[in-house]
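S.K.: Kindly generate the corresponding structure for this input.
(one chain, ligands or ions: 1)
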Amino acid sequence: MKTKLIYLFVIVVLAGCGQKYSGVVTNSEGKALSGVKVTINGTNYGTNTDESGKWSIEPQDSELGVITLVFFKSGYMHEQIVKQKPSGGIKTELRMHINSAATERELGYVEHGCGSVNIPDNADWNVSFLHSNLKGDLAPDKKYTRRDPSAVIKVDSLYYMWYSFSLSDDTMKIAPWDLNDIYYAISVDGVTWTEKGAAVMRGAEGEFDFRSVFTTEIFVHEGKYYLVYQAADNKVGIFDRNTVGMAYATSPNGPWTKLKEPVLRPTYTNEIYFDNNAVHDPCVVVYNNKFYLYYKGECNCFGAENCQSWCNPICGLSKQVRWGVAIADNPTGPYIKSEYNPITNTGHEIMVWPYKNGIAILQHQDGPEARSIQFAADGLNFQIMGMVNNIPEAAGLYRAPVSDNNPHAGIEWGVGHVLRWDGGVNQNGWMYINRFDKVDASTLIIDAGAFVKTGGTFNDGLVPFGFNSTGAVASHVNTQDWAEYNVNIAESGEYSVEYYISTPLDNAEVSMYVNNKLVDKCTVKNNGDWGNFSEPVFSNNPVYFEKGEQMLKIVASGTSEWQWNFKGMIIKKADL
Ligand code: AAL
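M.R.: Next up is the predicted model:
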């Protein structure tokens with residue numbers, strides 16, 4: 001009886017007491033900060049600091065012990081402490097937030113309308129790319145899903161890259177990047193690749209990278225190799241609240257040693273904040289003797305009032321993401337998020353390289369400055385420099401030994417990925433890695449959907465008669481349908497034309513007129529598909545173009561009632 005009473009007493013005391021966390025918050029000058037919101041992530045426990053910056057929380061929840069504390073005051077950076085044990089002396093310093101150049105521009109777009117977005121047409125910076133398939137083990141193969149390649153590095157005489165790998169028909173995957181491991185491949189010429197197998201694999205149950213490791217980047221420092229990668233410990237982390245892990249090795253062939261804890265996490269706040277949901281596409285650049293970890297943040301409303309999905313994208317977009325950067329003195333961290341975050345107002349995958357004394361970037365999609373090339377003299381405050389055409393998806397850039405000679409030396413070539421829908425499971429499709437190469441300014445890439453006029457006589461039930469296009473591909477093309485494109489030729493001379501065109505029918509043909517004169521006519525061979533644009537049809541002979549604006553007309557000149565689908569054409573200086 002006596003022992004039972006003692007047990008009861010102990011239980012009552014434990015349940016009634018809770019565990020105590022308390023501390024003080026100051027600003028960077030060491031002055032007490034009042035009114036700082038202090039919360040325990042994932043709970044309803046929270047408080048505010050008093051006049052002397054002090055706070056204390058005593059949660060009545062016996063489950064709590066090791067917690068994540070989040071500190072926030074408007075105008076300051078969020079700070080957070082993970083794995084905090086009950087303690088009475090928790091000291092936190094809040095840094096002031098500073099608007100980056102991109103944030104200032106974004107405020108301007110909101111105030112003056114999105115017509116004020118200005119991506120300059122600047123010949124020194126504008127850049128275009130061509131894409132081609134890889135050969136060897138990395139040739140497209142729908143059995144495997146390979147995606148989100150790292151940068152390509154050259155070690156001795158071999159190129160190396162790392163990427164997310166999974167089997168396309170794994171029915172347990174809830175996304176193409178779920179249940180992935182990081183594989184690597186080598187190549188002598190950057191075109192034909194040999195897959196070497198796994199480099200970094202998922203961790204054991206209970207570890208932060210148990211469910212998937214994916215979307216990796218490589219960097220090299222003082223003879224050591226470092227991979228940063230996205231990690232998920234369970235299904236949630238596949239879409240939300242992932243972390244970023246790191247592994248290092250003394251050879252690009254491994255073996256890789258993983259850091260025990262992530263180097264980057266989302267900001268665990270329910271405030272509307274650019275990286276409160278995910279930290280994606282990590283990429284470390286060694287810059288100014290420090291380590292700049294650039295990443296894409298994703299924002300979630302978490303039920304906040306007046307917040308629609310993706311935290312209210314601007315300019316009528318359905319999705320907007322922004323980049324952040326976290327800076328460390330050592331390659332393995334700690335990585336501290338910059339007070340300039342977010343440093344872009346557009347983004348998705350990270351494409352970053354050092355140029356002169358600053359950092360240059362490509363902005364792909366998901367924001368008002370999509371398809372731009374930008375530069376920041378300090379790696380933080382980016383200015384828009386020019387336009388990007390035919391931008392690679394999820395690009396890994398070849399890390400040239402020197403990338404200072406011209407703005408494009410850091411993006412001469414690299415690898416990206418392609419999504420295909422003719423395979424895979426759970427509506428995920430399958431994916432392969434391809435190569436991109438920067439093209440000369442004299443090369444023109446014309447999207448099929450960019451016609452200025454179209455017409456025809458065949459009534460396919462759609463308006464207009466002629467080419468139909470809701471995006472880059474033109475479809476519903478019937479015999480004698482035509483479309484006109486305005487092209488601006490940089491220099492007079494002989495050019496070759498590649499038509500990206502596909503038909504499952506016989507008797508299809510494409511003709512090209514320049515200023516109403518027939519210059520080329522090609523049979524479009526039946527390739528069994530309306531949408532396979534991997535092998536172009538080449539012009540029969542080089543086509544002579546005068547310098548300047550020309551009117552180029554494409555005609556479906558075959559006899560079959562239905563002709564082909566058209567993705568576009570590449571017009572480039574002929575090799576004579
Ligand atoms: C990509 C990247 C990240 C995301 C997922 C896989 O486009 O942004 O890597 O988590 O999609």
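S.K.: from here on, contacts and neighbour counts on C-alpha atoms
M.R.: Noted.
S.K.: Quick check: which element contains the most centrally placed residue in the chain?
M.R.: Residue closest to the average C-alpha location in the chain (C-alpha atoms, centre = their mean): residue 349, at 1.2 Å. Under the criterion of DSSP states H and E, residue 349 resides outside all helices and strands.
S.K.: Kindly report the same for residue 353.
M.R.: Short version, using DSSP H and E: residue 353 is in strand 352-355.
S.K.: is the helix or strand following that strand anywhere near the ligand?
M.R.: Counting by DSSP H and E, the next helix or strand C-terminal to strand 352-355 is strand 358-363. No - Strand 358-363 does not reach the ligand (C-alpha under 6 Å from any ligand atom); its nearest approach is 12.9 Å.
S.K.: Quick check: mean pLDDT of strand 358-363?
M.R.: What strand 358-363 shows for mean pLDDT is 97.
S.K.: got the CA positions of the helix or strand encompassing residue 509 in PDB?
M.R.: Using DSSP H and E, residue 509 sits within strand 508-514. Provided in PDB are the C-alpha atoms of strand 508-514 (Å, rounded to 0.1, in the frame of the first residue of the first chain):
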ATOM      1  CA  ALA A 508       3.900  14.000 -94.400                       C
ATOM      2  CA  GLU A 509       6.200  16.700 -95.500                       C
ATOM      3  CA  VAL A 510       7.500  20.100 -94.300                       C
ATOM      4  CA  SER A 511       8.400  23.100 -96.500                       C
ATOM      5  CA  MET A 512      10.100  26.300 -95.600                       C
ATOM      6  CA  TYR A 513       9.700  29.700 -97.400                       C
ATOM      7  CA  VAL A 514      11.900  32.700 -96.700                       C
END
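S.K.: which helices and strands does that strand pack with?
M.R.: strand 517-524, strand 548-556 (3 or more C-alpha pairs under 8 Å, 6 or more residues apart in numbering; DSSP states H and E).
S.K.: separation between the residue nearest to the centre of the chain and the ligand?
M.R.: Remark: distance between residue 349 and the ligand (C-alpha to the nearest ligand atom, to the nearest Å) = 5 Å.
S.K.: what do you get for residue 362?
M.R.: The value you get for residue 362 to the ligand, if C-alpha to the nearest ligand atom is used, is 14 Å.
S.K.: same question, residue 26
M.R.: For residue 26, the distance to the ligand - C-alpha to the nearest ligand atom - is 35 Å.
S.K.: Just say helix, strand or coil for that residue.
M.R.: Secondary structure, DSSP: H, G, I helix; E, B strand; the rest coil: residue 26 is strand.
S.K.: if I look at the residue in the stretch 401-550 of the chain that the ligand sits nearest to, how far off is residue 295?
M.R.: Per C-alpha to the nearest ligand atom, residue 417 is where the stretch 401-550 of the chain lies closest to the ligand, at 10.0 Å. Between residue 417 and residue 295 the computed distance is 18 Å (C-alpha to C-alpha, to the nearest Å).
S.K.: Those two - which one has more neighbours?
M.R.: residue 295 (27 against 23; other C-alpha atoms under 10 Å).
S.K.: Now do the buried residues in the strand or helix carrying the more buried one.
M.R.: Taking DSSP H and E as the definition, residue 295 sits inside strand 290-298. Using 16 or more other C-alpha atoms under 10 Å as the burial criterion, the residues of strand 290-298 that qualify are 291, 292, 293, 294, 295, 296, 297, 298.
S.K.: Tell me who's in contact with the fourth one.
M.R.: Under the criterion of C-alpha atoms under 8 Å, 6 or more residues apart in numbering, the neighbours of residue 294 are 282, 283, 284, 285, 323, 324, 325, 326, 350.
S.K.: For residue 182, which residues are in contact?
M.R.: Counted by C-alpha under 8 Å, 6+ apart, residue 182 has contacts 162, 163, 164, 165, 198, 199, 200, 201, 213, 214, 216.
S.K.: one step back: quick check: beta-bridge partners of the residue of the stretch 401-550 of the chain closest to the ligand?
M.R.: residue 433 (DSSP bridges).
S.K.: Repeat that for residue 291.
M.R.: Bridge pairing for residue 291 - DSSP bridges - gives residue 286, residue 328.
S.K.: Contacts only, for it.
M.R.: 284, 285, 327, 328, 329, 330, 331.
S.K.: Go through the residues you listed and name the one nearest the ligand.
M.R.: Distances from the ligand to the contacts of residue 291, taken by C-alpha to the nearest ligand atom, are shortest for residue 284, at 15.5 Å.
S.K.: Just confirm that closest one is within a strand.
M.R.: Yes - membership of residue 284 in a strand is supported by three-state DSSP.
S.K.: Next, work out how far apart the residue nearest to it when sequence neighbours are not counted and the ligand are.
M.R.: Nearest residue to residue 284, sequence neighbours excluded (C-alpha to C-alpha, 6 or more residues apart in numbering): residue 293, at 4.2 Å. Using C-alpha to the nearest ligand atom, we find residue 293 at a distance of 15 Å from the ligand.
S.K.: Residue 293 contacts residue 280, doesn't it?
M.R.: No - Residue 293 is beyond contact range of residue 280, at 10.9 Å (criterion: C-alpha atoms under 8 Å).
S.K.: Mind telling me which residue of the stretch 1-150 of the chain is nearest the ligand?
M.R.: residue 148 (6.6 Å).
S.K.: residues in contact with that residue?
M.R.: 163, 164, 214, 215, 216, 394, 395, 396, 416, 417, 433.
S.K.: For the stretch 101-250 of the chain, just list every one of the strands.
M.R.: Along the stretch 101-250 of the chain, the stretches classed as strands by DSSP state E, counting those that start in this stretch are 127-133, 135-136, 144-147, 153-155, 158-167, 181-187, 192-200, 212-221, 224-232, 243-249.
S.K.: which residue packs closest to residue 116, ignoring adjacent ones?
M.R.: Per C-alpha to C-alpha, 6+ apart, closest to residue 116 is residue 109, 6.1 Å.
S.K.: Help me confirm that that neighbour comes into contact with residue 118.
M.R.: No - using C-alpha under 8 Å as the test, residue 109 is too far from residue 118 to be in contact (10.0 Å).
S.K.: between the two, which one's more packed in?
M.R.: Neighbour count, other C-alpha under 10 Å: between residue 109 and residue 118, residue 109 has more, with 17 against 13.
S.K.: quick one: the strand holding residue 295 to strand 212-221, angle?
M.R.: 150 degrees (axes from the mean of the first three to the mean of the last three C-alpha atoms, to 10 degrees).
S.K.: Let me see the mean pLDDT of strand 290-298.
M.R.: For strand 290-298, the per-residue pLDDT averages 98.
S.K.: now do stretch 263-279
M.R.: Here stretch 263-279 scores 96 as its mean pLDDT.
S.K.: Please determine whether that stretch lies in contact with the ligand.
M.R.: No - using C-alpha under 6 Å from any ligand atom, we find that stretch 263-279 stays clear of the ligand, coming within 8.0 Å at best.
S.K.: so how far is the first residue of that stretch from its last?
M.R.: OK, stretch 263-279 end separation, C-alpha to C-alpha: 11 Å.
S.K.: gap between that stretch and the chain center?
M.R.: 17 Å (C-alpha atoms, centre = their mean, to the nearest Å).
S.K.: Repeat that for stretch 203-212.
M.R.: 23 Å.
S.K.: The stretch 151-300 of the chain against the ligand: which residues are in contact?
M.R.: 177, 215, 280, 281.
S.K.: Quick one: neighbours of the closest residue to residue 90 other than its chain neighbours, just the number.
M.R.: Once flanking residues are discounted, residue 90 sits nearest to residue 23: 4.2 Å by C-alpha to C-alpha, 6+ apart. Around residue 23 there are 16 other residues, counting by other C-alpha under 10 Å.
S.K.: Thank you, goodbye.
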